[in-house]
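J.: Predicted coordinates and the sequence they were generated for:
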Amino acid sequence: MAKKEEATVGFETKLQSAKETLEILMNQDITLEESVKAYEKGMKELQDAQKMLQDAQIKIQEIKASS
């Protein structure tokens, strides 16, 4: 059960981080370099969250198939 909780926390953390990055990108006072770094970080967080979601969907399909 702890592994499931870790995955959920990780997923939620990734989404929260991506939201915070979006707020940074909306700030008109940041430099181009800061924008690029924030964009890269945000995209990585979203990709990681997407992978976690896909893994969870696969596990659900496996559970349904074995029922």
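T.: Arrived safely.

J.: model confidence over the longest helix along the chain, on average?
T.: Across the chain, the longest stretch assigned as helix under DSSP state H is helix 32-66. Helix 32-66 comes out with an average pLDDT of 94.

J.: so how far is Asn27 from the spatially most central residue of the chain?
T.: Most central in the chain under C-alpha atoms, centre = their mean is Ala49, positioned 3.0 Å from the mean C-alpha point. Per C-beta to C-beta, to the nearest Å, Ala49 is found 22 Å from Asn27. Every C-beta, even on glycine, is put in place using the N, C-alpha and C of the backbone.

J.: before we move on, what about Lys51?
T.: Separation of Lys51 from Asn27 (C-beta to C-beta) stands at 28 Å.

J.: go on, Leu53?
T.: As judged by C-beta to C-beta, Leu53 and Asn27 stand 28 Å apart.

J.: Which of those two has more residues huddled nearby?
T.: Ranked by neighbour count (other C-beta atoms under 10 Å), Leu53 and Asn27 place Leu53 first, with 14 against 10.

J.: if I pick the more buried one, what's in contact with it?
T.: Phe11 (C-beta atoms under 8 Å, 6 or more residues apart in numbering).

J.: one step back: wait, the residue nearest to the centre of the chain touches Gln16, no?
T.: No: between Ala49 and Gln16 there is no contact under C-beta atoms under 8 Å: 9.8 Å.

J.: Just say helix, strand or coil for Ile30.
T.: coil (DSSP: H, G, I helix; E, B strand; the rest coil).

J.: Isn't it up against Ala38?
T.: Yes: Ile30 is within contact range of Ala38, at 7.3 Å (criterion: C-beta under 8 Å).
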